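A.B. asks: Predicted model and sequence follow; I will ask about them next.
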Amino acid sequence: MISRRVLLGGSVFGVAAPGGAGGVGEMAEQAPAVDARSLRDIEAHLEEMAVQVRLMNGGSFTGTSVYAGKLRDAMTVFLRANNKYPDYLDVGIEVFHAMYDWHIHNRLPLVVGRSADGRYGLGFMFTRLILRPDAVPDFIGIAYDQRG
């Protein structure tokens with residue numbers, strides 16, 4: 001029995017072969033024998049690679065963090081009341097780490113550091129997230145400006 005690939009390949013390439021040679025029988029002789037198990041192994045390997053690529057890129061688009069949306073909501077409340085984004089927003093350790101990871105996943109520059117009073121801060125949009133380790137891990141405080 002002739003495979004579809006050999007049949008179609010033979011008719012196209014047989015005409016273009018030098019000297020007019022290259023019929024279907026000749027193509028069948030030249031084609032290497034590939035067993036079904038090798039093809040299944042290759043297919044399984046490619047599928048495994050595709051799964052790994054999907055996993056690696058799973059979090060690399062904006063909005064993947066639950067906390068990013070909640071922080072934007074808190075900043076929007078402040079923005080509507082004061083016509084500007086807040087300078088600071090206190091957050092718990094889980095939120096702080098999630099937003100740190102959010103920057104890494106989205107390949108954004110990290111603006112991190114410590115203030116004069118020793119608190120850790122992380123820049124998010126136009127606001128500095130201030131770590132409150134004494135608060136519950138998923139704490140998101142009320143946004144505020146610099147204190148006089």
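C.D. replies: On my side now, so go ahead. On a predicted model such as this, the values are computed, not experimentally measured, just so you know. Residues are numbered from 1 along each chain as shown.
A.B. asks: what sits against residue 112?
C.D. replies: The neighbours of residue 112, taking CB atoms under 8 Å, 6 or more residues apart in numbering as the test, are 100, 120-123. In short, each C-beta sits where N, CA and C put it, glycine included.
A.B. asks: who touches the longest helix along the chain?
C.D. replies: Ranked by residue count, the top helix of the chain under DSSP state H comes out as helix 36-56. Helix 36-56 has contacts (CB under 8 Å, 6+ apart) with no other residue.
A.B. asks: that older thread, quick one: which of the contacts of residue 112 sit in helices?
C.D. replies: Using DSSP H, the subset of the contacts of residue 112 located in helices is residue 100.
A.B. asks: ok, and the most crowded of the contacts of residue 112?
C.D. replies: Within those, residue 122 tops the neighbour count with 21 neighbours, counted by other CB atoms under 10 Å.
A.B. asks: these two touch, right, that one and residue 128?
C.D. replies: Yes - assessed by CB atoms under 8 Å, residue 122 is found in contact with residue 128 at 7.1 Å.
A.B. asks: Residue 130 - that's part of a strand, no?
C.D. replies: Yes - according to DSSP: H, G, I helix; E, B strand; the rest coil, the state of residue 130 is that of a strand.
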